[in-house]
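> Following is a predicted model, sequence given first.
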Amino acid sequence: MNNNALLNNFIIQSSGGIIDPVPISKEGLLFYLDANKYSGEGNWVDLTDNGYNFIPINNPSYVSGGNSYFTFTGENVDGPMFTHSLAETTTLDNWSFYVWLYHQEGADSNYQSIFDKDEDEELFYLYSTTTPEPAMWSPIVYSDQIIETETWYNICCTYQRNAPGPGDGECRFYINGEPVEANPIEHTDNSSPADSWHIGGGYDGDETNELFCGRMAAAALYDIELSDETVFNNYEADKARFGF
């Protein structure tokens, strides 16, 4: 079954009309992945028309139900994650990454990559030192906001390259639709070209590293920097299944 057929299969006809399988904003949306719509085997299928289907690496465990999710063990060697090889080299000067995640203890690495590109170039990751509860980081900004274990969070990381030159740009974090304080790091650029994208860990085509430990239920990528209003509306659109 092709991607469009899968998408049509998830559109539910009801007395109230059509329920869209993509509940969040579609402006600038590159891909949207939802574990509730997973077929139970094979790729994690993109529910947009763009075809960014993600291939499972080392068999992420799938749990189905009213709030389905994938489990990531955090093991750096042969740990589970997802990857997508791009058809052509892609540069995103502006982007936003949206994810529902549930962090758990047990990761092999202090760095737990949530979304990265190519050979271990993190765009957004969690970082912990001596405690199991990590904070949020990206190569140009970090936040001291703690991500507690055993709790569902909607997290959004946005980036806008608004001036020329390496290291220029603005990156922001949001938790459950609300912006959180962040501190700039002036040493890198988050818009360099990519040949592949990864979710839940780093991957060089052979080995995995810096893998996330916990659950993920949904993920999305935009080629724009989302506004505060859109980030909040995205959270509102999908929060009920997570008990909010």
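Received the coordinates, thanks.
> start to end distance for stretch 145-158?
Terminal residues of stretch 145-158 are spaced 16 Å apart (CA to CA, to the nearest Å).
> swap that for stretch 102-111, sorry
Using CA to CA, one end of stretch 102-111 lies 16 Å from the other.
> Which parts of that stretch count as buried, going by neighbours?
Of all the residues in stretch 102-111, those buried under the rule 16 or more other CB atoms under 10 Å are 102, 103, 104, 107, 108, 109, 111. Heads up, the C-betas are built off the backbone N, CA and C, glycines and all.
> quick one: pLDDT of the second one?
Residue 103 is assigned 91 on the pLDDT scale.
> That one: what's it in contact with?
Applying CB atoms under 8 Å, 6 or more residues apart in numbering to residue 103 gives the contacts 112, 126, 133-134, 147-151, 153, 212-214.
> separation between it and residue 126?
As judged by CB to CB, to the nearest Å, residue 103 and residue 126 stand 7 Å apart.
> and what of the fifth one?
Here the criterion is CB to CB. By it, residue 108 lies 13 Å from residue 126.
> Tell me the one among the contacts of residue 103 nearest to residue 28.
residue 153 (22.5 Å; CB to CB).
> can you tell me the helix or strand for that closest one?
Take DSSP states H and E as the rule and residue 153 turns out to sit in strand 152-160.
> residue contacts, the closest residue to residue 92 other than its chain neighbours?
Counting by CB to CB, 6 or more residues apart in numbering, residue 92 lies nearest to residue 223, which is 5.4 Å off, once chain neighbours are set aside. Contact partners of residue 223, counting by CB under 8 Å, 6+ apart, are 28, 30, 92, 94, 95.
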